[in-house]
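S.K.: Using only what follows, build the 3D model:
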Amino acid sequence: MRAVVQRVTSAEVTVDGRKVAAIGHGLLVLVGVGRDDGQKDADYLADKIANLRIFDDHAGVMNRSALDVGAAALVVSQFTLFGDCRKGRRPSYGHAAPPEAAKPLYEYFVARMTQAGLMVATGEFQAMMEVRLVNHGPVTILLDSRKRF
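M.R.: So this is what the prediction gives:
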């Protein structure tokens, strides 16, 4: 699994002009599921993200996690995180899990984030979404459960 984690002051998702989720201070998490991913990948990413120390402490040092500061998380599925652009000009999505395999693992990931203690909002799986955010910092972190980067 892959995730793009952004520290935000606000974020929201709309589908067909209808707001489906919004958070204030917290994390926007774009998450993609790969063909070979399983629950261990989701467990790793959920724990890593919930405990990632990217919020400022009293001295202005990124030393606190989303759990420490009571931050929310907006989790949005994004299969394009598995786009391979090494050949040609059109990304290949051959390494992304098909929707019928990705959806249960995405839902498991959301449940694990909630179980970790975060207030979690979500987009709509497989919908054409508009995501708006105010990146605070800016802080953007790339994560891969297989530690490819």
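
S.K.: Could you measure from Pro104 over to Ala116?
M.R.: From Pro104 over to Ala116 the distance is 19 Å, taken as Cβ to Cβ, to the nearest Å. Any C-beta I mention is one placed from the backbone N, CA and C, and that applies to glycine too.

S.K.: which residues of this protein fall in helices?
M.R.: When assigned using DSSP state H, the helices of the chain occupy the ranges 39-51, 66-69, 99-115.

S.K.: Serialize those helices to a markdown table and add fields for mean neighbour count and mean pLDDT.
M.R.: Written out in a markdown table, the entries for the helices of the chain read as follows (neighbours: other Cβ atoms under 10 Å; pLDDT from 0 to 100):
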| stretch | mean neighbour count | mean pLDDT |
| --- | --- | --- |
| helix 39-51 | 18 | 98 |
| helix 66-69 | 17 | 98 |
| helix 99-115 | 18 | 98 |
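
S.K.: what's the closest of the ones you listed to Phe149?
M.R.: helix 39-51 (13.5 Å; Cβ to Cβ).
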